[in-house]
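>>> Next come a sequence and a model predicted from it.
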Amino acid sequence: MKTGIITTDSYLNHDTGQGHPERADRVTVVLDHLKKIKSKNLIWKKPSKFDLKYLEYAHEKNYLNNVTKSFPKQGLNFLDGDTILSPGSKDATRDAVGSILTAIDGVMEKEFKNAFCAVRPPGHHAEKQKAMGFCVYNNVAVGAYYLLKKYNISKVAIIDFDVHHGNGTQDIFYNNENVLYISTHQYPYYPGSGAENEKGINDNVLNIPLPAGTQTHEFLNAYDRVFIKLKEFKPEFILLSAGFDAHKDDPLAQINLESKDFYTLTKRIMSLAKNLCDEKIVSILEGGYDLNALKESVDFHVKSLTEN
């Protein structure tokens, strides 16, 4: 079985303005590198159109209406201080969501064994009623609801290894016993959430805050707790909020991972997924703002996904 790479060109038209860290180059360097590999283990696919009702599971209707009205005809429109919309953002934001849904369909229909979605904007900071942190729609949250609603899966785990806490994903699933949200992140740091005592109404949230300066062995050791929690929960499907900004070269944080550490981390998650959910994994790009570190880290991540 192969690994799906789900992406489309619409990300190029999501313009965040000059000097913004969340820019089109982030996805371009990833795609250019993956295309150079010419691996027979990769299946390239574009996102399908999807029923917009799936957005309404993760977000309030009034928020979705506000976003729709906020896409500008020209120029830029700010949803908050650093979350920006341009005319091309409408297609880019929908294609980011569509990518994770298309990836899920591909895994469920056994077209490929797992998938990586190379998309922007990212999603894990977007709350039920609020855009923030470069995120408009919470891609991974919509994906989790898609699994619950379309495929009647009763237990979905989201592992978020972005260096920033996924406050939006936690907000959306805080009361939902069918979704386990796990995050390792620098703390205290943006967005300010993610303390260890935030556990969810049904003990379905596991936050592992890590101090600035955390080294590889400390980061990977933290995943021992993650795997214990996963074994208790027994998910039928695992979604990864794959941020690569815990890299030592990333300009927006201070965790000291090397590119190859994302291979090790992914391999360990896959090894566990083999026993828990028949390796059903879909990964979606979140953060990562040093272009070379991002390119290398995604390469290691995808390499791990393609290996049996």
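Nice, I can see it. Numbers count the residues shown, from 1 in each chain.

>>> List the contacts of the closest residue to residue 303 other than its chain neighbours.
Once its chain neighbours are removed from consideration, residue 303 has its nearest residue in residue 263; the separation is 6.2 Å (CB to CB, 6 or more residues apart in numbering). Glycine gets a C-beta too; all of them are placed from N, C-alpha and C. Shown in contact with residue 263 (CB atoms under 8 Å, 6 or more residues apart in numbering): 300-301, 303-304.

>>> By neighbour count, which of the residues you listed wins?
Neighbour counts for the contacts of residue 263 were taken using other CB atoms under 10 Å; the highest belongs to residue 301, which has 23 neighbours.

>>> Please verify my assumption that that residue contacts residue 261.
No: under the criterion of CB atoms under 8 Å, residue 301 is not in contact with residue 261, lying 10.1 Å apart.

>>> circling back: from residue 279, how far off is the residue nearest to residue 303?
Plainly put, residue 263 is 16 Å away from residue 279 if you go by CB to CB, to the nearest Å.

>>> Check residue 157 too.
Here the distance between residue 157 and residue 279 works out to 13 Å (CB to CB).

>>> Who has more neighbours out of these two?
Under the neighbour definition other CB under 10 Å, residue 157 and residue 279 were set side by side, and residue 157 has more, 27 against 19.

>>> which residues sit in contact with the closest residue to the more buried one other than its chain neighbours?
Beyond its immediate neighbours in the sequence, the residue positioned closest to residue 157 (CB to CB, 6+ apart) is residue 235, lying 3.7 Å away. By CB under 8 Å, 6+ apart, residue 235 lies in contact with 155-157, 180, 276-277.

>>> And residue 84, by the same measure?
Shown here is residue 84, whose contacts under the criterion CB under 8 Å, 6+ apart are 15-17, 20, 76-78.

>>> element containing it?
Residue 84 belongs to strand 83-85 when assigned by DSSP states H and E.

>>> average pLDDT across that strand?
The average pLDDT within strand 83-85 is 98.

>>> Mind listing the strands it pairs with, and their directions?
Strand 83-85 has the following strand partners under DSSP bridges: strand 77-80 (antiparallel).

>>> quick revisit: show me which of the contacts of residue 84 are buried.
Burial by neighbour count, judged by 16 or more other CB atoms under 10 Å, picks out 15-16, 77 from the contacts of residue 84.

>>> got the contacts of residue 263 as TSV, with distance to residue 49 and pLDDT columns?
Putting the contacts of residue 263 into TSV (distance: CB to CB, whole Å; pLDDT from 0 to 100) gives the following:
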residue	distance to residue 49	pLDDT
300	32	98
301	27	98
303	31	97
304	31	97
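
>>> Please, which helix or strand holds residue 188?
Per DSSP H and E: residue 188 is located in neither a helix nor a strand.
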